[in-house]
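Enquirer: here are the coordinates; sequence isn't available:
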């Protein structure tokens with residue numbers, strides 16, 4: 001999916017300058033999701049005080065990064081600051097929850113997921129070029145549907161552990 005299309009769809013031609021900040025902030029989305037998982041794990045294990053302390057550290061990182069980056073890079077600096085804050089919090093939470101992460105990482109199949117991701121990207125690029133120029137909204141919809149479908153199929157074909165476990169659990173409930 002094209003970042004230009006997303007910005008054009010949401011804001012129109014006047015907001016095309018937001019493409020760079022959008023690209024800059026995109027890693028924060030993934031890191032924030034990981035932070036949520038680790039934060040929920042901490043809350044469920046009665047580590048709320050540590051969770052709150054880590055959030056305060058993240059606040060200070062955000063303030064310092066904003067003061068350093070925004071004057072020089074403007075909106076892109078603000079986006080990079082958000083990434084820095086999320087990354088700092090994630091690193092601290094990962095250290096705090098290393099016992100959980102050791103158990104999880106042992107079950108992850110990074111190579112399979114990476115190969116499936118590359119295959120998905122290449123197939124999506126091919127199909128979107130084949131389809132050609134179309135309505136921006138339709139292009140985003142088709143691109144999203146292709147991405148999710150192809151990634152899921154490649155993970156199933158490769159017998160990736162997590163996806164297959166979820167599938168078995170779903171099938172056993174019927």
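Expert: Everything's here; your move. Predicted, not measured: the structure shown is a model, and the values here were computed from it.

Enquirer: so residue 50 touches residue 42, yeah?
Expert: Yes. Using CB atoms under 8 Å, residue 50 makes contact with residue 42 at a distance of 6.4 Å. Heads up, the C-betas are built off the backbone N, CA and C, glycines and all.

Enquirer: dihedrals phi and psi, residue 106?
Expert: Note on residue 106: backbone dihedrals following degrees, to the nearest 10 are phi -60, psi -20.

Enquirer: burial count for it?
Expert: For residue 106, the neighbour count with other CB atoms under 10 Å is 7.

Enquirer: pLDDT value on it, please?
Expert: Per-residue pLDDT puts residue 106 at 79.

Enquirer: from residue 152, how far off is the residue nearest the centre of the chain?
Expert: Central residue of the chain (CA atoms, centre = their mean): residue 30, 2.4 Å from the mean position. From residue 30 across to residue 152, the span is 18 Å (CB to CB, to the nearest Å).

Enquirer: strands of this protein, start to end?
Expert: For the chain, no strands are identified by DSSP state E.

Enquirer: pLDDT weak spots in it?
Expert: Under the criterion pLDDT under 70, the flagged ranges of the chain are 1-5, 7-10, 132-136.

Enquirer: one more pass at 80, please.
Expert: Residues of the chain meeting the criterion pLDDT under 80: 1-18, 106-107, 128-141, 174.

Enquirer: picking up where we left off before, residues contacting the residue nearest to the centre of the chain?
Expert: Residues in contact with residue 30 (CB atoms under 8 Å, 6 or more residues apart in numbering): none are found.

Enquirer: one more: residue 104?
Expert: Neighbours of residue 104 in contact, by CB under 8 Å, 6+ apart: none.

Enquirer: from residue 35, how far off is it?
Expert: Remark: distance between residue 104 and residue 35 (CB to CB) = 15 Å.

Enquirer: helices along the chain, start to end?
Expert: All helices of the chain, identified by DSSP state H, fall at 3-11, 19-44, 48-73, 75-96, 98-105, 110-131, 136-157, 161-172.

Enquirer: so which of those helices is the most surrounded?
Expert: Most buried of the helices of the chain, by mean neighbour count (mean count of other CB atoms under 10 Å): helix 75-96, with a mean of 19.
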